[in-house]
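S.K.: Below is the sequence, then the predicted model.
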Amino acid sequence: MKKLFLLAFLVVPFGGCKKFLEERSQYEIIPKTTKQFSEILYTEGMPGAKTLLQPYLTFMDDDFQAFNGEMLPSDEDLTVNAPCYQWQPDFIDLSKNGGGTLASSGMDSWSTYYQLLLGANVAIQEIDGSQGELKDKIQFKGEAFAARAFYHFMLVNLYALPYNDSTTTPDKLVGIPMRLNANLEDESPKRSSVKAVYDQVIADLDSSIQLLEQQKLQLPAFRMSYLGAELLASRVNLYMENWEKVIEHASVVIERHPQLMDFTEWQPIPDPNDPNPRPFIAPDNPEVLWYYGSVLEYTSRGLMVAYDVSYDYMSILEPGDLRRDKYISEVPEIFKPLVLTPYSQLKNVGTMGNSMLGNAWRTAEAYLNRAEAYIQLYRTTGNAEAAQKGLDDLNKLRASRWDKTKFVPWTLHPGDELLQLCRQERRRELFMEGGHRWFDLRRYGMPAIRHSYMPTKNTTEIYELKKRDPQYVMPISNEVLEKNRTLGQTPSIGARRMPI
């Protein structure tokens, strides 16, 4: 097995990746069966209820803002994660020093994703030779390829410039190191180009889909299905601006799983007397294709206390759009003197009582991805049929989100106007899910954003993330750089960011 990863694995229970990378056990047991390798995949290679992926992104986009006032429970609720909110170049160290729930693994997405990659690579590398049924080997290897594609995709979008950067081509952009095996190698991994990483992501998704499509199993939501792999393929191609491929992969999802939750029938806060409560980010949401990660991603210190839904986000929710009431709770006037934030998010309400997972891939994204691709084809070719298909996707999604008495379908507009409508709809729908808004801002050209911050109850400061600001790329933690000095830190503004 050639210096294999597994030197510290105990089959039951499995220790964390960090532990098995650093320790060796004299009682080690080498896994041999397909079942054992599948357990490695799902305990070490998939984000579970305690896995924080990139919780700091909630503080960085334009959907949340900071508040201060008499009802602030403690100064730490505002200050602990202020460095993220202010886009400070050293926000990792500043937030760690300040304490709070992001202070340890939550800040280090780099290590988290590479640990998950190791678990996925175990299955890819070893499961063919394991003892078990062929159908199980096909399924778990397909799931592992999709997971590996996802982790590399997230890493390159956190720690490198976007694929569609307007100033150069992806083959000239510095990306991230790729981890394509489960061997412990002595040499420090080198960065690949952004194009090379995306090429590998596409190759892994092709492998995943080819394997998972053989059986098309109906799986629990926490398992990666062939439809999950198809949805991710549509997202990756969207970022690459491969519009025809976006349509191809999104269409598979929509044709085989078209379900959208009807918001006229959904209550975000479950009734205790209802035997079938349906929190939105939950496995029983009919839209959910993959359910993963931790609800703690959205409960960091200060969230829903000193940081909550921004006025900017609220401004795009129109009367009649039920997301205004289902995703958001507006504090009644009588209670406003008793609370700090005027609005609170509801998307994860109920999740804590239902389970501890907190992220989901949903069919709604497939409609949005395909709509954007059709509209981009309309913009570039003038094909009105493509425009109508894009509108049909947007209107189908909107119809499930609106008060039926107030819904008016959108009609044909010039290409740029349609694209803006599509982007706003994407922002409304994917609010506070998986970093979508942050990654969309990057591929939209990294526009300038401003955050208001009140260091005291009577003082307001404005921080600006400038257009194409270096902090659209995340810094690598000093702990990681000390272990591999060949990586080099990502570019930054240098000194502390000051209010304008």
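M.R.: Arrived safely, thanks for sending. Predicted, not measured: the structure shown is a model, and the values here were computed from it.
S.K.: quick one: pLDDT of the residue positioned nearest the centre of the chain?
M.R.: Ranked by distance to the mean C-alpha position of the chain (Cα atoms, centre = their mean), the top residue is residue 434 at 2.4 Å. In this prediction, residue 434 carries a pLDDT score of 93.
S.K.: Repeat that for the one 3 residues further on.
M.R.: If you check residue 437, the pLDDT there is 98.
S.K.: For the closest residue to it other than its chain neighbours, give me its contacts.
M.R.: What sits nearest to residue 437 in space, not counting adjacent residues and going by Cβ to Cβ, 6 or more residues apart in numbering, is residue 61, at 4.3 Å. Where C-beta positions appear, they are placed from N, C-alpha and C, glycine not excepted. Contacts for residue 61 (Cβ atoms under 8 Å, 6 or more residues apart in numbering) come out as 437, 438, 441, 449.
S.K.: Do you know the pLDDT at residue 61?
M.R.: If you check residue 61, the pLDDT there is 97.
S.K.: Also the one 10 residues further on?
M.R.: As predicted, residue 71 sits at a pLDDT of 91.
S.K.: Make sure it is indeed in a strand.
M.R.: No. The assignment for residue 71 (DSSP: H, G, I helix; E, B strand; the rest coil) gives coil, which keeps it out of a strand.
S.K.: measure the residue nearest to it when sequence neighbours are not counted to residue 321 for me?
M.R.: With Cβ to Cβ, 6+ apart as the measure, residue 340 is the residue that lies nearest to residue 71, at 4.4 Å, once sequence neighbours are left out. Between residue 340 and residue 321 the distance, using Cβ to Cβ, to the nearest Å, works out to 25 Å.
S.K.: can you check residue 129 too?
M.R.: From residue 129 across to residue 321, the span is 53 Å (Cβ to Cβ).
S.K.: got it, and residue 462?
M.R.: Relative to residue 321, residue 462 is positioned 29 Å away (Cβ to Cβ).
S.K.: Between those two, which is the more surrounded one?
M.R.: Taking residue 462 and residue 321 together and counting by other Cβ atoms under 10 Å, residue 321 has the greater number of neighbours (20 against 10).
S.K.: who's that one bridged to?
M.R.: For residue 321, the residues forming beta bridges with it (DSSP bridges) are residue 402.
S.K.: hang on, it packs against residue 401?
M.R.: Yes. With contact defined as Cβ atoms under 8 Å, residue 321 reaches residue 401; the gap is 6.2 Å.
S.K.: Mind listing the shared neighbours of these two?
M.R.: Shared contacts of residue 321 and residue 401, counting by Cβ under 8 Å, 6+ apart, come down to residue 428.
S.K.: Return the subset of the contacts of residue 61 lying in helices.
M.R.: 437, 438, 441 (DSSP state H).
S.K.: residues touching the first one, list them.
M.R.: Going by Cβ under 8 Å, 6+ apart, residue 437 touches 61, 62, 63, 427, 430, 431.
S.K.: Quick check: the two most widely separated of those?
M.R.: Among the contacts of residue 437, the pair separated by the greatest distance (Cβ to Cβ) is 62 and 430, at 13.3 Å.
S.K.: coming back round to it: pick the one among the contacts of residue 437 closest to residue 205.
M.R.: When the contacts of residue 437 are compared for distance to residue 205 (Cβ to Cβ), residue 430 wins out at 20.3 Å.
S.K.: Test for you: state the pLDDT assigned to that closest one.
M.R.: At residue 430 the predicted local confidence, pLDDT, stands at 98.
S.K.: wouldn't residue 373 be in contact with residue 249 here?
M.R.: No. In terms of Cβ under 8 Å, residue 373 does not count as a neighbour of residue 249; the distance is 9.8 Å.
S.K.: On the three-state scheme, residue 491 is what?
M.R.: On the basis of three-state DSSP, residue 491 is classed as coil.
S.K.: returning to that earlier point: does the residue nearest to residue 71 belong to a helix, a strand or coil?
M.R.: At residue 340, secondary structure determined by three-state DSSP is coil.
S.K.: So which other helices or strands are in contact with the top helix by length along the chain?
M.R.: With DSSP H applied, the helix covering the greatest number of residues in the chain is identified as helix 134-159. Judged by 3 or more Cβ pairs under 8 Å, 6 or more residues apart in numbering; DSSP states H and E, the packing partners of helix 134-159 are helix 34-44, helix 109-126, helix 194-212, helix 226-240.
S.K.: Adding mean pLDDT, mean neighbour count and distance to residue 297 as columns, could you present those in TSV?
M.R.: Listed next are the helices and strands packed on helix 134-159 as TSV, based on pLDDT from 0 to 100; neighbours: other Cβ atoms under 10 Å; distance: least, Cβ to Cβ, whole Å:
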stretch	mean pLDDT	mean neighbour count	distance to residue 297
helix 34-44	95	22	19
helix 109-126	95	23	11
helix 194-212	98	21	22
helix 226-240	98	25	18
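S.K.: Export the ones you listed as a markdown table, with columns for distance to residue 136.
M.R.: Putting these into a markdown table (distance: least, Cβ to Cβ, whole Å) gives the following:
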| stretch | distance to residue 136 |
| --- | --- |
| helix 34-44 | 5 |
| helix 109-126 | 11 |
| helix 194-212 | 11 |
| helix 226-240 | 15 |
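S.K.: What count of nearby residues applies to residue 477?
M.R.: Counted with other Cβ under 10 Å, the burial measure for residue 477 works out to 18 neighbours.
S.K.: Please name the residues that touch it.
M.R.: Residue 477 makes contact with 92, 93, 107, 108, 110, 111 under the criterion Cβ under 8 Å, 6+ apart.
S.K.: hmm, 10 Å instead?
M.R.: If a contact means Cβ atoms under 10 Å, 6 or more residues apart in numbering, then residue 477 has 92, 93, 96, 107, 108, 109, 110, 111, 483, 489 as its contacts.
S.K.: So among these, where is pLDDT lowest?
M.R.: On the confidence scale, the contacts of residue 477 reach their minimum at residue 96, with 74.
S.K.: Please name the residues that touch residue 85.
M.R.: For residue 85, the contacting residues are 56, 58-60, 64-66, 78-79, 91, 95, 302, 306-307, 451-453, 463, taking Cβ under 10 Å, 6+ apart as the criterion.
S.K.: how does it look with 7 Å?
M.R.: 59, 66, 307, 451, 453 (Cβ atoms under 7 Å, 6 or more residues apart in numbering).
S.K.: so who does the residue lying closest to the fourth one once chain neighbours are set aside touch?
M.R.: Just to be clear, that refers to residue 451. Computed as Cβ to Cβ, 6+ apart, the closest residue to residue 451 that is not its neighbour in sequence is residue 463, at 4.9 Å. Counting by Cβ under 7 Å, 6+ apart, residue 463 touches 86, 87, 450, 451, 453, 497, 499.
S.K.: quick check, nearest of those to residue 470?
M.R.: residue 87 (9.4 Å).
S.K.: Now tell me which helix or strand of this structure has the poorest mean pLDDT.
M.R.: Each helix and strand of the chain was given a mean pLDDT (mean pLDDT, DSSP states H and E); the minimum falls on helix 17-22 at a mean of 37.
S.K.: Could I get the full set of strands for the stretch 401-500 of the chain?
M.R.: Ranges of strands within the stretch 401-500 of the chain are 449-456, 459-465, based on DSSP state E, counting those that start in this stretch.
S.K.: will you turn the ones you listed into JSON lines that also has distance to residue 206 and mean pLDDT?
M.R.: Compiled in JSON lines, these are given as follows (distance: least, Cβ to Cβ, whole Å; pLDDT from 0 to 100):
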{"stretch": "strand 449-456", "distance to residue 206": "35", "mean pLDDT": "97"}
{"stretch": "strand 459-465", "distance to residue 206": "36", "mean pLDDT": "97"}
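S.K.: Could you dump the ones you listed into TSV with distance to residue 181 added?
M.R.: Supplementary listing: the strands of the stretch 401-500 of the chain in TSV, determined by distance: least, Cβ to Cβ, whole Å:
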stretch	distance to residue 181
strand 449-456	39
strand 459-465	37
